[in-house]
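J.: Quick one: sequence plus predicted model below, questions after.
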Amino acid sequence: MNIEIVSSEKNEVELKIDNLTVAEILRAYLNEQDVEFAAWRREHPSKPLIFKIKSPNVKKSVSGAISALKKDCNQLLDAVKK
């Protein structure tokens with residue numbers, strides 16, 4: 001999986017992501033948090049996604065979303081092991 005930063009400003013970041021599943025899961029978790037905007041678009045199926053995030057603190061928002069995702073995955077694994 002490749003992730004490339006297209007543009008980065010104080011409260012906004014734009015990324016190129018070549019994995020639709022990761023982009024959609026990250027979008028869902030970011031929108032559950034306190035972000036202004038988190039969405040992706042794709043010009044053509046053969047091109048990578050453009051993912052845009054607007055938040056007062058983008059790094060903190062992405063980190064929080066990933067932590068929440070890890071927690072949910074660990075809970076799922078524990079449930080499956082039982």
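T.: Now that the structure is in, tell me what you want to look at.
J.: can you count the residues close to the closest residue to Met1 other than its chain neighbours?
T.: Leaving aside its chain neighbours, Met1 sits nearest to Asn19 (4.6 Å; criterion: CB to CB, 6 or more residues apart in numbering). Every C-beta, even on glycine, is put in place using the N, C-alpha and C of the backbone. Neighbourhood size, Asn19 [other CB atoms under 10 Å]: 14.
J.: Lys10 now?
T.: Look at Lys10: counted by other CB under 10 Å, it has 8 neighbours.
J.: So it, which state does it fall into?
T.: Three-state assignment for Lys10 (DSSP: H, G, I helix; E, B strand; the rest coil): coil.
J.: Repeat that for Ile53.
T.: Classification of Ile53 using three-state DSSP returns strand.
J.: Spatially central residue in the chain, please.
T.: Centroid-nearest residue in the chain: Leu26, 2.8 Å away (criterion: CA atoms, centre = their mean).
J.: any idea how far the residue of the chain most remote from its centre lies from Leu76?
T.: No residue in the chain sits farther from the centre than Lys82, which is 29.8 Å out by CA atoms, centre = their mean. Distance of Lys82 to Leu76, given as CB to CB, to the nearest Å: 11 Å.
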